[in-house]
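*Asks:* coords please:
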Amino acid sequence: SSFHKKCISCKWVYRHKKNSDGSIRRYKARLVVKGYLEEEGINYQDTFSSVAKQLTIRILLCLALHFGWQFKQMDVSNAFLLGVLHEEVYMTQHLGFIAASHPTKVCKLHKALYGLKQAPRAWFSTFSTFLLSQGFVASHCDSSLFVKKNATSITILLIYVDDILLASNDQSYIHSLV
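*Replies:* Residues are numbered from 1 along each chain as shown. So this is what the prediction gives:
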């Protein structure tokens, strides 16, 4: 059977990571999809990026300060690359990396790449599935908030795109979770 999906092109994005004095610390190259070429209903169905509500952040900070809980803040490196895609997305081979034996073939993406409109949603879905498997419960009031309680401890996790804030009365659990 033949079917048609819109194939998206890609490009390399180059950046310099700098030290505080302005000198170059390292060079960074990232293959990104030209997500602006995606069409809703063809390349993706839905987009979403987890953004915690200001009120939720304030309440979490107040609770943690009041009860003397430990905090842990993390930034997930390359978070969007960890997101599993649930729709079919095809990308062209990039110039300079075209397979000589298959020059007309395209790449079917299984994981998200930066630039995809659905990359933040795929990351959030993958991460929240992991949290639920670890016994966390998702909040009905704020989709970025997850809570895990047992007889002696409580752990609250707040996700903001690819940043995570953890607060708990059990420092050893935070360490093992991280």
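*Asks:* drop to CA atoms for contacts and neighbour counts, all remaining ones
*Replies:* OK.
*Asks:* how about the strands of this structure, start to end?
*Replies:* Assigned by DSSP state E, the strands in the chain fall at 7-8, 10-18, 24-33, 70-75, 84-91, 107-111, 137-138, 145-149, 154-160, 163-168.
*Asks:* If you average the pLDDT over the fourth one, what comes out?
*Replies:* Per-residue confidence for strand 70-75 averages out to 90 on the pLDDT scale.
*Asks:* If you compare the directions of that strand and strand 163-168, what angle comes out?
*Replies:* Relative orientation of strand 70-75 and strand 163-168, computed by axes from the mean of the first three to the mean of the last three Cα atoms, to 10 degrees: 170 degrees.
*Asks:* do the longest one as well
*Replies:* Taking the same axes, to 10 degrees, strand 24-33 and strand 163-168 form an angle of 100 degrees between their directions.
*Asks:* Any buried residues in strand 24-33, and which?
*Replies:* By 16 or more other Cα atoms under 10 Å, the buried positions in strand 24-33 come out as V32, V33.
*Asks:* Strand partners (parallel or antiparallel) of that strand?
*Replies:* strand 10-18 (antiparallel) (DSSP bridges).
*Asks:* Can you show me the CA trace of the strand it pairs with as PDB?
*Replies:* Provided in PDB are the C-alpha atoms of strand 10-18 (Å, rounded to 0.1, in the frame of the first residue of the first chain):
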ATOM      1  CA  CYS A  10      16.700  19.200   9.000                       C
ATOM      2  CA  LYS A  11      19.800  21.300   9.600                       C
ATOM      3  CA  TRP A  12      22.800  21.600  11.900                       C
ATOM      4  CA  VAL A  13      22.800  24.400  14.400                       C
ATOM      5  CA  TYR A  14      26.200  25.400  15.800                       C
ATOM      6  CA  ARG A  15      26.800  27.200  19.100                       C
ATOM      7  CA  HIS A  16      29.700  28.200  21.300                       C
ATOM      8  CA  LYS A  17      29.500  27.500  25.000                       C
ATOM      9  CA  LYS A  18      31.400  30.200  26.700                       C
END
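*Asks:* quick one: that strand to chain centroid distance?
*Replies:* 19 Å (Cα atoms, centre = their mean, to the nearest Å).
*Asks:* closest one to C62 among the strands of the chain?
*Replies:* strand 163-168 (10.8 Å; Cα to Cα).
*Asks:* what's the burial count for the closest residue to S9 other than its chain neighbours?
*Replies:* Leaving aside its sequence neighbours, S9 sits nearest to T92 (Cα to Cα, 6 or more residues apart in numbering; 5.1 Å). T92 has 18 neighbours, counted by other Cα atoms under 10 Å.
*Asks:* try H140
*Replies:* When counting by other Cα under 10 Å, one arrives at 9 neighbours for H140.
*Asks:* This completes my enquiry, with thanks.
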